[in-house]
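Student: Let's see this in three dimensions:
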Amino acid sequence: MKTSDLLLKLFGWLSISLVVAYLIDNVMIVGFNFPGAFSIFTNFSLEGLIEFFIYIIIALITFFIVRKSNSNFRSNSQLLHNLNIYLIRSFFWIILITGLVDIAIAFMRVEKIFEFFLGKEISSNFSRPVFVGMYFHVPLIILGFIIAKFTKTIGFHWLSLLIVASELLIVITRFVFSYEQTFMGDLVRYWYAGLFLFASAYTLYEDGHVRVDIIYQGLKEKTKNLVNCFGSILLGWSTSVVIILLCFYGKQSIVNSPVANFEVTQQGSVGMFIKYHMAVFLAIFGITMLIQFISYFFESIADYKNEKGKRIIETSTSH
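Tutor: The predicted model follows:
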């Protein structure tokens, strides 16, 4: 393997593996009160040293795997894309199932149906976000990943249809039956946020984002490939990394704080308990976009090097 090819592959794979190390470190900080990997430079501790070595070990494993691999850039790109597709499919199943279950819980909580069957003492648990999150949301998240393993469809069109159906149901119940509850609007926002943020990475793969083109179409093919390479890193990679860092930087970050407290909306028990999920949506957006930008980076290099298997994007799906 050429040194230049090795360095380019290392850059891409290290970008992803170090994000994995960052997420592991974040769990240790938030969940187990570790001081942080880089605290060893200011206040040395055994816990901080363990966290720091996690980064080193993951980086070394990545280096040895990439060094021994003989796969070309196109196969690396496809591998990352397949990983991203699985993650996106999993997240869609998670928000679909969780949305349906949580709105059912919210309806029975608001209409006091739980009290009729379970009594006040037991039904009061369903007004606690921690209880609903731990005993309902967490198992449903695991179930979503399992279902995604055995399904093929990503589910964009089905989720879009469900959003329209949910909004239609709100209109019908409001103007026909004079019935409306906060959780009904919560479900629409929950699914719409997931649709918008989760679909972005796949839309990038299909070149479906709106492209303001001034000179790109007039460039030679190899020049386009170079533009895509540098653009993926200078614009896409850098933006995704900043989003991920901000999402998990410190216990009071925009993701860590809501998740640690199972944060809900100000409406409290009359709404769905999914606000902390929507905080995670931003992190999922950053991570899936990072993976797809690295995949796009590898694909652009493969096109520049004229590797076999070039993907032809239909003009009907690109903008």
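
Student: List the buried residues of the helix ranked longest in the chain.
Tutor: In the chain, taking DSSP state H as the definition, the longest helix is helix 73-110. Buried residues in helix 73-110, counted by 16 or more other Cβ atoms under 10 Å: 73-74, 76-78, 80-81, 84-85, 87-99, 101-103, 105-106, 108-109. All C-beta spots, glycine's among them, are computed from the backbone N, C-alpha and C.

Student: Which SSE is immediately downstream of it?
Tutor: Downstream of helix 73-110, the first helix or strand assigned by DSSP states H and E is helix 113-118.

Student: just the CA coordinates of the following helix or strand past that next one, formatted as PDB?
Tutor: Per DSSP H and E, the first helix or strand lying C-terminal to helix 113-118 is helix 120-123. Provided in PDB are the C-alpha atoms of helix 120-123 (Å, rounded to 0.1, in the frame of the first residue of the first chain):
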ATOM      1  CA  LYS A 120     -53.000   5.200  42.000                       C
ATOM      2  CA  GLU A 121     -49.800   3.900  43.600                       C
ATOM      3  CA  ILE A 122     -48.600   1.900  40.700                       C
ATOM      4  CA  SER A 123     -50.000   4.200  38.000                       C
END
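
Student: Would you mind listing where the stretch 101-250 of the chain has pLDDT under the threshold?
Tutor: Along the stretch 101-250 of the chain, segments meeting pLDDT under 70 span 209-212.

Student: quick one: the helices in it?
Tutor: 113-118, 120-123, 129-132, 138-149, 156-175, 182-205, 221-231, 238-248 (DSSP state H, counting those that start in this stretch).

Student: which outside residues touch the second one?
Tutor: Meaning helix 120-123. 109, 112, 114-115, 117 (Cβ atoms under 8 Å, 6 or more residues apart in numbering).

Student: would you list these in a markdown table and tack on distance to residue 283?
Tutor: Putting those into a markdown table (distance: Cβ to Cβ, whole Å) gives the following:
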| residue | distance to residue 283 |
| --- | --- |
| 109 | 28 |
| 112 | 36 |
| 114 | 32 |
| 115 | 37 |
| 117 | 37 |
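
Student: May I see the buried residues of stretch 34-48?
Tutor: 34-37, 39-40, 47-48.

Student: Let me fix that, I meant to ask about stretch 21-31.
Tutor: 21-22, 25-26, 28-30.

Student: What of stretch 13-22?
Tutor: For stretch 13-22, a neighbour-count test (16+ other Cβ under 10 Å) marks 13-17, 19, 21-22 as buried.

Student: Pick the one among those residues closest to residue 148.
Tutor: Among the buried residues of stretch 13-22, residue 16 lies closest to residue 148 (Cβ to Cβ), at 19.2 Å.

Student: quick one, what contacts the spatially most central residue of the chain?
Tutor: Of all residues in the chain, the one closest to the mean position by Cα atoms, centre = their mean is residue 284, 1.9 Å from it. Residues in contact with residue 284 (Cβ under 8 Å, 6+ apart) are 87, 91, 197-198.
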